[in-house]
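Asker: Provided below for reference: sequence and predicted model.
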Amino acid sequence: MARILISLSLVLLAACSGEIYLRDGVTDGDTFYLADRALEDDDPVLQSWVSYSLSLSACKLQIGGDNPARASSFACESMARRHLLDTWQEQHATYPDAHDRYLDSLAAIRAAGWLDEYVVRFHGRRGWRPPDGTDLRAFRDWRRRHYPALRPQTRIVGSWNYARNVRQLP
């Protein structure tokens, strides 16, 4: 199932409406559900977050444990952020007028070579093992010069074990 979700997240040209962000989110369970509207809305920003959500949920299923929804690792978060940015880049090529302050800033952070540090600094959890050579101090200095007002974002499009008005992915 995890491979299906990863493959789907790479090819899925989908998104969801903003109301899903208010209704859904990571809860408890071992099955990730995607709202039907996530397959209908073509907004490039939202499509990028669908990719992130599917990638992250697939990785959490691979980690497993008693509650995959609460599983966490540097590798999962980093991979999902990379999928988010890859999808944003693809969407931006299709919709050149599309802009998003956060996604544009995160793309610049990746282009400057600081994505690992960003993930550790803003999304890190106790017990994570970031890659050797991660330099949080240098990233902090760089970020203060280039993006002093940067606010991290996470949007989960879908939920774990939420079955009302949603369709389970195969």
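Answerer: Received it, and whenever you're ready, just let me know what you need. On a predicted model such as this, the values are computed, not experimentally measured, just so you know. Residues are numbered from 1 along each chain as shown.
Asker: what about the strands in the protein?
Answerer: With DSSP state E as the criterion, the chain has strands at 32-35, 159-160, 166-168.
Asker: rank the ones you listed by pLDDT, which is bottom?
Answerer: Here the lowest mean pLDDT among the strands of the chain goes to strand 166-168, at a mean of 50.
Asker: Tell me which stretches of this protein form helices.
Answerer: 2-11, 18-23, 44-63, 74-94, 101-111, 115-123, 136-146 (DSSP state H).
Asker: so which of these comes closest to residue 155?
Answerer: Smallest distance to residue 155 across the helices of the chain (C-beta to C-beta): 4.3 Å, for helix 44-63. Quick note: C-beta positions are derived from backbone N, CA and C, even for glycine.
Asker: what's stretch 73-88 in contact with?
Answerer: 9-10, 44-45, 47-53, 55-56, 59-60, 63, 100, 103, 106-107, 110, 115-116, 118-120, 123-124, 128-131 (C-beta atoms under 8 Å, 6 or more residues apart in numbering).
Asker: Just the buried ones among those, please.
Answerer: Among the contacts of stretch 73-88, those classed as buried by neighbour count (16 or more other C-beta atoms under 10 Å) are 9, 44-45, 47-53, 55-56, 59-60, 100, 103, 106-107, 110, 115-116, 118-120, 123-124, 128, 130.
Asker: out of everything not next to it in sequence, what's closest to the most centrally placed residue in the chain?
Answerer: Central residue of the chain (C-alpha atoms, centre = their mean): residue 52, 3.0 Å from the mean position. Excluding its sequence neighbours, the residue lying closest to residue 52 (C-beta to C-beta, 6 or more residues apart in numbering) is residue 84, at 3.9 Å.
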